[in-house]
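Student: Sequence plus the predicted model coming up.
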Amino acid sequence: MRLYTKRGDSGMTDLMGDRVKKTHPRVEAYGTIDELNSVLGMVRAILADKRLARMVERVQRDLFVIGAELATSPKLRPPMKLSRARLKALERQIDAFQNEAPTPRFFVLPGGSFEAALVHFARTVCRRAERRVVALSEQETVRPLVLQYLNRLSDWLFALALVVNKRAQIPEVLWEGQRKRGRNTR
């Protein structure tokens with residue numbers, strides 16, 4: 001089988017059960033999920049903690065399920081393969097991460113270790129994916145579990161970045177607004 005088909009040369013692509021323009025919100029949504037999955041592949045490749053790397057891989061597998069869901073025409077909608085149990089597993093992991101590395105009171109500037117900085121990058125791509133799926137849901141039916149999972153995943157990634165920095169003994173750099181700048185800044 002050839003990698004190239006030439007079917008997309010005119011700006012159209014195939015969904016499971018439909019053919020649409022490559023600018024269709026559904027293509028934007030699953031394309032951004034694919035981008036997120038690629039960034040998570042980089043995260044997994046550099047994580048020194050193999051247990052955390054396995055957790056990231058499990059999320060990548062979930063994202064493949066979500067991508068397939070989004071790449072399927074609503075006309076052919078099979079039963080959802082992502083389970084509510086996966087959402088609950090993310091929530092339990094977030095709780096465990098927060099027990100290890102509590103969320104600071106102020107905003108965190110993304111960074112710290114290279115690993116944590118890349119996790120923060122994945123978090124921002126996750127937020128964009130979530131926005132793309134919300135935009136799609138304004139035009140077509142999207143199962144609520146997809147949006148719930150993406151919303152929770154961005155929280156999971158934030159908590160993961162905090163844990164990675166804590167384990168590396170790198171303090172978070174906080175943004176504290178006007179307080180740190182002083183009163184007489186003109």
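Tutor: Nice, I can see it.

Student: Spatially, what comes nearest to the most centrally placed residue in the chain if we skip its sequence neighbours?
Tutor: Nearest to the geometric centre of the chain sits Cys126, at 2.9 Å (C-alpha atoms, centre = their mean). Counting by C-beta to C-beta, 6 or more residues apart in numbering, Cys126 lies nearest to Ser154, which is 4.4 Å off, once chain neighbours are set aside. All C-beta atoms are positioned from the backbone trio N, CA, C, and that covers glycine.

Student: Is it correct that that neighbour is in contact with Ala122?
Tutor: No. At 9.0 Å, Ser154 and Ala122 do not qualify as touching, with contact defined as C-beta atoms under 8 Å.

Student: sorry, back to before: now the residue nearest to the centre of the chain. Its backbone dihedrals?
Tutor: phi -60, psi -40 (degrees, to the nearest 10).

Student: List the buried residues in stretch 149-164.
Tutor: Using 16 or more other C-beta atoms under 10 Å as the test for burial, stretch 149-164 gives 149-164.

Student: brain fart, stretch 131-150
Tutor: 132-133, 136-137, 142, 145-146, 149-150.

Student: Need the worst-confidence member of those.
Tutor: In this model, the minimum pLDDT among the buried residues of stretch 131-150 belongs to Val142 (92).

Student: Compute the first-to-last residue distance for stretch 100-108.
Tutor: Using C-alpha to C-alpha, to the nearest Å, the end-to-end distance of stretch 100-108 comes to 16 Å.

Student: what's in contact with that stretch?
Tutor: 158-159, 161-163, 165-166, 172-177 (C-beta atoms under 8 Å, 6 or more residues apart in numbering).

Student: go on, stretch 66-78?
Tutor: For stretch 66-78, contacts defined as C-beta under 8 Å, 6+ apart pick out 15-18, 26, 29-30, 33-34, 37, 80-82, 133, 136, 140-143, 146, 149-150.

Student: Which of those residues fall in helices?
Tutor: 26, 29-30, 33-34, 37, 133, 136, 146, 149-150 (DSSP state H).

Student: and the buried residues of stretch 149-164, which of them are in strands?
Tutor: Among these, DSSP state E puts none in strands.

Student: give the contact list for the nearest residue to Glu28 once chain neighbours are set aside.
Tutor: Closest residue to Glu28 apart from its sequence neighbours, by C-beta to C-beta, 6+ apart: Arg132 at 4.9 Å. Contact analysis of Arg132 by C-beta under 8 Å, 6+ apart lists 25, 28-29, 31-32.
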